[in-house]
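[1] Pasting the sequence and the predicted model now:
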Amino acid sequence: MNDLSVITAEFGDLSGWIKRPDFWLDKPDVGLPFLKSLKTAHVHGIGTSAGGREIVAVEMGEKEPMETTTDNLCSALASVQAPPDPTAVFPPSFYGKTRRTRPVLAIQGGIHGGELTGTVAMLNLCKIVEEGADLRGKPWPRLQELARGVRLAMIPWLNPDGVDRWPFRDTSGIPSELTSRCQMGVSKDGTKYKYPGVKDFFPIPPEKTAFMGCYFNDAGVNLQYDWTSLDRQPETRAWMRYYLDERPDGVLIWHCNAGSMMGPPEPYLPEGFQHEFSRLAGAVQARLWREGHRVGRMSWAGLVGMGRPFLNQMSAVYHVSGAMPIMAELPCGAAEWPFTAEEMLDIGLLTIEETLAFAHQDGLRPYEYWGKVKKQMAAAKEARA
Ligand SMILES: [Zn+2]
């Protein structure tokens, strides 16, 4: 299942992509020691992967208590039948009797093992929160202030099995055919699994696989679709439990592709959430443009499968935890749409900064303006005093 010779037989020497700059903390071997060196972060395990690897969470910022009566959003939403109000989608029994005073943003990386640009940005964010500069020493004063004003609940490697199998580090300039082969895998009979046809098989049978693609955990499961399984993988149960416990306002979910984009909004989200996500995606895209970055596609309109009512982990994040799922595909730097490691980190951090700015101002809950809510909360507090 971990036979790299089928990859080298096709592509030859892979040594061009096993180096990384010092700031590129992509995998647990270099990332975990860094996280454990932080002074203000709480690092702890939230589960164990199919292959027996620990799934880690990193938290920064105080956790505010919530007074709820149920962990089931669907039941809470059904507790009121009339009058029909399309904006009443935050039942207090699930979201808490009182509002928390600060936004809570979860950030999730590495559900697909070889898509680690966002994890690198997340770990650099931790450094910024504590010291104001990223691991290169580049200052980010606004990002530091925005991040210190929220609770961050982060899962750097949701699929540690796939991450462990990933043979590369800095993938700037790598042929996308090579990354694709390592993401999708090769069977023992020589069949090269291809995106998206590989999704006709769920799971990928480990016993018939020479190199299991890094998309998958050691059981051959693409965790993106696991939540509808009868018997869910331990990684899926881990994120479900964790997000339910944190009940974040939004979950920034990293993937990678040859470009950079957010979206499209999930068809099985309430309309307000779809609209809010599109607005945020536009804000992030405009910011990247202003900073002079090339931004790939804004939507998946030209891709296979568009128009179908797709359902995946992003939608599940809402239906389980009530949070706004914010999907962001960061570049991997492949030769067809090249970026340097420096540029990829900048794009990741700018995406986080713009998302946090949005969370502080408009807020991640549709139909409300968080800036206004905060003012009302402050006025109420003063009246009580
Ligand atoms: Zn992905």
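    Good, I have the coordinates.

[2] Which pLDDT does the model give G302?
    Reading off the confidence values, G302 has pLDDT 52.

[3] V295 too?
    V295 is assigned a pLDDT of 81 by the prediction.

[4] what does the model give F34 for pLDDT?
    Here, the pLDDT recorded for F34 equals 98.

[5] scratch that, E276 is what I was asking about
    92.

[6] Below-threshold pLDDT in the stretch 101-250 of the chain: ranges please.
    Counting by pLDDT under 70, not a single residue of the stretch 101-250 of the chain qualifies.

[7] Indicate the residue of it located nearest to the ion.
    H112 (3.6 Å; CB to the ion). In this view, the C-beta of every residue, glycine as well, is placed from N, C-alpha and C.

[8] Close to the ion: what parts of the stretch 101-250 of the chain are there?
    Proximity of the stretch 101-250 of the chain to the ion is assessed by CB under 5 Å from the ion, with 112, 115 identified as the residues in range.

[9] circling back to that earlier point, was I right about the residue of the stretch 101-250 of the chain closest to the ion contacting N257?
    No. With the criterion set as CB atoms under 8 Å, H112 and N257 do not qualify as a contacting pair; they are 10.3 Å apart.

[10] out of those two, which sits in the busier spot?
    For H112 versus N257, neighbours defined as other CB atoms under 10 Å are more numerous around H112 (23 against 19).

[11] Can you show me the helices along the stretch 201-350 of the chain?
    If DSSP state H, counting those that start in this stretch is used as the criterion, the helices of the stretch 201-350 of the chain fall at 234-246, 271-290, 313-321, 341-361.

[12] so can I have CSV of these showing mean neighbour count and distance to E130?
    As requested, the helices of the stretch 201-350 of the chain are arranged in CSV below (neighbours: other CB atoms under 10 Å; distance: least, CB to CB, whole Å):
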stretch, mean neighbour count, distance to E130
helix 234-246, 20, 21
helix 271-290, 18, 24
helix 313-321, 22, 27
helix 341-361, 21, 15
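
[13] Minimum distance to E10: which of those has it?
    helix 341-361 (25.3 Å; CB to CB).

[14] which helices and strands does that closest one pack with?
    Helix 341-361 makes packing contacts with strand 104-108, helix 117-131, helix 141-148, strand 250-257, helix 271-290, strand 324-331, helix 370-384 when contacts are defined by 3 or more CB pairs under 8 Å, 6 or more residues apart in numbering; DSSP states H and E.

[15] re the thing from before, weakest of the helices of the stretch 201-350 of the chain in terms of mean pLDDT?
    Taking the mean pLDDT of those, helix 271-290 comes last: a mean of 91.

[16] quick one: V317 from F94, how far?
    V317 sits at a distance of 14 Å from F94 (criterion: CB to CB, to the nearest Å).

[17] list the contacts for the most centrally placed residue in the chain?
    By CA atoms, centre = their mean, the mean C-alpha position of the chain lies nearest to I253, the distance being 1.9 Å. Neighbour list for I253: 108, 111, 313-314, 317, 325-328 [criterion: CB atoms under 8 Å, 6 or more residues apart in numbering].

[18] For K381, state which of these is nearest.
    I326 (29.6 Å).

[19] Assess the claim that the closest one and P248 are in contact.
    No. In this structure I326 lies outside contact range of P248 using CB under 8 Å: 10.3 Å.

[20] Between the two, point out the one with more neighbours.
    Here I326 and P248 are compared on neighbour count by other CB under 10 Å; more neighbours surround I326, at 28 against 25.

[21] Can you tell me the closest non-neighbouring residue to that one?
    Here the nearest residue to I326 in space, its sequence neighbours aside, is L252; by CB to CB, 6 or more residues apart in numbering that works out to 4.7 Å.

[22] how much space between the one you found and E336?
    Taking CB to CB as the measure, L252 falls 25 Å from E336.

[23] same deal with W140?
    From W140 across to E336, the span is 29 Å (CB to CB).

[24] Who has more neighbours out of the two?
    Taking W140 and E336 together and counting by other CB under 10 Å, W140 has the greater number of neighbours (23 against 10).

[25] my guess is that one meets L349, correct?
    Yes. With contact defined as CB under 8 Å, W140 and L349 form a contacting pair (6.4 Å).

[26] quick one: contacts for the residue of the stretch 101-250 of the chain closest to the ion?
    For H112, the contacting residues are 159, 162, 183, 214-215, 222, 224, 255-256, taking CB under 8 Å, 6+ apart as the criterion.

[27] For those residues, give me CSV that also has neighbour count.
    Output for these, formatted as CSV (neighbours: other CB atoms under 10 Å):
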residue, neighbour count
N159, 33
G162, 31
Q183, 23
C214, 26
Y215, 28
N222, 23
Q224, 19
H255, 21
C256, 26
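
[28] Out of these, the closest to F23 would be?
    Comparing the contacts of H112 against F23 with CB to CB places C256 closest, at 17.4 Å.

[29] What sits closest to the closest one if chain neighbours are left out?
    Leaving aside its chain neighbours, C256 sits nearest to E115 (3.6 Å; criterion: CB to CB, 6+ apart).

[30] show me the contacts for that neighbour.
    Neighbour list for E115: 109, 183, 254-256, 330, 332 [criterion: CB under 8 Å, 6+ apart].

[31] before we move on, what SS does it have?
    Each residue gets one of three states, and E115 gets coil by DSSP: H, G, I helix; E, B strand; the rest coil.
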